[in-house]
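Novice: how would this look folded up:
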Amino acid sequence: MEKYVNKDGSFNHGKWLRETELNENDILNELITELTAQNFQMPKQDKANKVIMALQASRMRFSMQDNKNAVRHLQDFEGGKMFIHIQYHYVQTKAGEPVYFYHQSQYWLKDQEVNVTQLYVEKYEDYENSGEKTKQVIGRALVATDKFLEGLKRLTVLKKG
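Specialist: Sure, this is the predicted structure:
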């Protein structure tokens, strides 16, 4: 999936569609939310410290040690099969505060506890009025899935998929 990431860190849906056997109608009719990696490779992180700070700004209880633990744990699965569940959330702590976009790639296996998610994070200062104009790409980081999902419960979800 790395080859479909733009220089600014955003996902290039058009390139992905062109290089897969799926067409846009297939995507719209049945959204793909699960992938299988047969030879799993560690995902790259980018500005993990900034992602952790964004999580903290959303009042989630994360530290750089959480990131280091997730990286160490996920390395054990490199080279094997990995299932990846994909979803996203636009969230806000309260009205008037910035909106955060959390794109999640949740790694899991049926017979082993993986419990690691790669987060791609964007921040919108004025989501309601200016949307894309105020988008700031924060970065990518690995975190514990259960801890992230628990923190998500304390936020107002504006949109998800």
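Novice: could you pull out the strands for the protein?
Specialist: 34-37, 82-92, 99-108, 116-124, 135-144, 156-160 (DSSP state E).
Novice: so how far is the fourth one from its chain's centroid?
Specialist: To tie it back to what came earlier, the one meant is strand 116-124. Centroid separation for strand 116-124 versus its chain: 4 Å, with Cα atoms, centre = their mean, to the nearest Å.
Novice: Tell me which of the strands of the chain sits nearest to residue 43.
Specialist: strand 116-124 (4.8 Å; Cβ to Cβ). To be clear about C-beta, it is placed using only N, CA and C from the backbone, and glycine gets the same treatment.
Novice: Tell me the buried residues in the closest one?
Specialist: Buried residues in strand 116-124, defined by neighbour count with 16 or more other Cβ atoms under 10 Å: 116-124.
Novice: Low-confidence stretches in the chain?
Specialist: Within the chain, the segments meeting pLDDT under 70 span 1-32, 131.
Novice: From the recorded domain assignment, give the ranges for it.
Specialist: 1-31, 33-160 (automatic domain parsing).
Novice: so which of the ones you listed is the most packed in?
Specialist: Highest mean neighbour count among the domains of the chain (mean count of other Cβ atoms under 10 Å): domain 33-160, with a mean of 16.
Novice: What's the end-to-end length of that domain?
Specialist: End-to-end distance for domain 33-160, by Cα to Cα, to the nearest Å: 12 Å.
Novice: related to what we said a few turns ago, let me know the closest of the buried residues of strand 116-124 to residue 90.
Specialist: Distances from residue 90 to those, taken by Cβ to Cβ, are shortest for residue 124, at 8.0 Å.
Novice: re earlier: closest to residue 62 out of the buried residues of strand 116-124?
Specialist: Using Cβ to Cβ, those come closest to residue 62 at residue 119, 9.7 Å.
Novice: Kindly provide the distance from the closest one to residue 101.
Specialist: Per Cβ to Cβ, to the nearest Å, residue 119 is found 10 Å from residue 101.
Novice: longest single helix anywhere in this structure?
Specialist: The single longest helix within the chain, with elements called by DSSP state H, is helix 64-75.
Novice: From the contact counts, what lies against it?
Specialist: Judged by 3 or more Cβ pairs under 8 Å, 6 or more residues apart in numbering; DSSP states H and E, the packing partners of helix 64-75 are helix 48-57, strand 116-124, strand 135-144.
Novice: May I see the ones you listed organised as TSV, with distance to residue 79 added?
Specialist: Below are the helices and strands packed on helix 64-75 laid out as TSV (distance: least, Cβ to Cβ, whole Å):
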stretch	distance to residue 79
helix 48-57	22
strand 116-124	16
strand 135-144	17
